[in-house]
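Chemist: how does the following fold in three dimensions:
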Amino acid sequence: MLKFNYEKIMHYCLIYNLNSSSGKKVKLVNKIYEKLKINNTVDFFKTKSEEEAKKIFLEFKNKNYDRLIVAGGDGSVSFAINELIKNDFDFNENFAIGYIPAGTANLLQAELSITKKVNDVCSVLTSNNYKQSNLIKNK
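Modeler: Just a heads-up that it's a prediction; the model follows:
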């Protein structure tokens, strides 16, 4: 008897800011990418400038991604969200943004209690368990 896997294959956009942490986290990001692409489709972009990243976000809504994964620091996450907003991205209920802590300080990592273990990060990025976070702090 044949067994079929009816789980939906996810389509990810992984953007890695190579300027974050001077590129010291490239091994971590590459390991996560290799693991994610086993059961999913992953478009992996390594950017060195805001201009490169902006081009990706201009085409983003035409790609029908299920998830955006930002590998970088807090500034990279803020930049990505702002670019989605500037480009009128439709945040549907199934879309989610994931984060791989690859910056210098990674305050967002501490705020969200994110581990740097590859298997744990991949498990979170492929799950449908979302953790909402308010990225705006009131004074």
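
Chemist: mind listing the helices for this protein?
Modeler: Listed in chain order, the helices of the chain (DSSP state H) span residues 26-36, 50-60, 74-86, 107-112, 118-126.

Chemist: packing partners for the first one?
Modeler: So the one you mean is helix 26-36. strand 11-17, strand 41-47, strand 67-72, strand 96-101, helix 118-126 (3 or more Cβ pairs under 8 Å, 6 or more residues apart in numbering; DSSP states H and E). Glycine gets a C-beta too; all of them are placed from N, C-alpha and C.

Chemist: could you dump those to a markdown table with distance to Lys86?
Modeler: Listed next are the helices and strands packed on helix 26-36 as a markdown table, based on distance: least, Cβ to Cβ, whole Å:
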| stretch | distance to Lys86 |
| --- | --- |
| strand 11-17 | 15 |
| strand 41-47 | 16 |
| strand 67-72 | 14 |
| strand 96-101 | 15 |
| helix 118-126 | 24 |
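
Chemist: weakest of the ones you listed by average pLDDT?
Modeler: Per-stretch mean pLDDT for the helices and strands packed on helix 26-36 is lowest at helix 118-126 (a mean of 85).

Chemist: chain center to that one, what's the gap?
Modeler: 11 Å (Cα atoms, centre = their mean, to the nearest Å).

Chemist: got the angle for it vs helix 26-36?
Modeler: Computed by axes from the mean of the first three to the mean of the last three Cα atoms, to 10 degrees, the angle separating helix 118-126 from helix 26-36 equals 60 degrees.

Chemist: list the buried residues of helix 118-126.
Modeler: Under the neighbour-count criterion of 16 or more other Cβ atoms under 10 Å, helix 118-126 has Val118, Val121, Cys122, Val124, Leu125, Thr126 buried.

Chemist: the residue nearest to Val124 when sequence neighbours are not counted pairs with what?
Modeler: Excluding the flanking residues, the one nearest Val124 by Cβ to Cβ, 6 or more residues apart in numbering is Gly98, at 7.2 Å. Counting by DSSP bridges, Gly98 forms beta bridges with Ile69.

Chemist: re the thing from before, redo the helices of the chain as TSV? Include distance to His11.
Modeler: Listed next are those as TSV, based on distance: least, Cβ to Cβ, whole Å:
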stretch	distance to His11
helix 26-36	11
helix 50-60	12
helix 74-86	16
helix 107-112	23
helix 118-126	12
